[in-house]
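**Student:** give me the fold of what follows.
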Amino acid sequence: MLKKYLYTLLFLGWVVIITVLSLFSFSSMDLDTGTLNIPYADKITHFIFYMVFGFTGCLSLRERTKGSLGLAKTLKIVLVLAIIYGILIEILQFTLTTDRMAEMGDVLANTLGAFSGIGLIRWVFSKKNPLKWKF
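**Tutor:** Coordinates of the predicted model:
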């Protein structure tokens, strides 16, 4: 049973991880970040999180529809879903949390990450690769 819904479970788990990490306050925890200072580390994190969101979202939708939805339509659906979800998370950060900030830069990083994730899907299922979209 788990094998049948592997990508769907991975995608839903990833969405939960993004939600928790985006809305949970880490300021009350004593986290030693050391002296490592990476410029734009939070934007890079947003980009990577939403790249995985886009990639696993496409695989999940493919799994749920057995590839009958079509690659192009799936990519559009997942891209729109990722953008809306990213904006919603930023709104929730603004309204529900006291120590988290909503930033347009985060929305941009989320969107670019989602584009990268679906671009990776397009490459994986391209004519140059042996994987087929339909089951």
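**Student:** now tell me what touches the strand or helix carrying Ile118 from outside.
**Tutor:** Element membership of Ile118 [criterion: DSSP states H and E] is helix 104-124. Applying Cβ atoms under 8 Å, 6 or more residues apart in numbering, the external contacts of helix 104-124 come out as 42-44, 46-59, 71, 75, 78-79, 82-83, 86-87, 89-90, 129, 131. For the C-beta atoms, the positions are set from N, CA and C on the backbone; glycine is no exception.
**Student:** tell me the contacts of the closest residue to Phe53 other than its chain neighbours?
**Tutor:** Once flanking residues are discounted, Phe53 sits nearest to Ala82: 5.4 Å by Cβ to Cβ, 6 or more residues apart in numbering. With contact set as Cβ under 8 Å, 6+ apart, Ala82 has these partners: 50, 53-54, 57, 110-111, 113-114, 117.
**Student:** list the buried residues in stretch 124-135.
**Tutor:** 125, 133 (16 or more other Cβ atoms under 10 Å).
**Student:** how long is it end to end?
**Tutor:** 15 Å (Cα to Cα, to the nearest Å).
**Student:** chain center to that stretch: distance?
**Tutor:** 22 Å (Cα atoms, centre = their mean, to the nearest Å).
**Student:** could you give the mean pLDDT of it?
**Tutor:** The pLDDT scores in stretch 124-135 average 82.
**Student:** any idea which residue sits dead centre in this structure?
**Tutor:** Phe53 (2.3 Å; Cα atoms, centre = their mean).
**Student:** can you tell me how far that one sits from Asn37?
**Tutor:** Counting by Cβ to Cβ, to the nearest Å, the separation of Phe53 from Asn37 is 27 Å.
**Student:** okay, now the unreliable bits of this structure?
**Tutor:** 1-2, 26-36 (pLDDT under 70).
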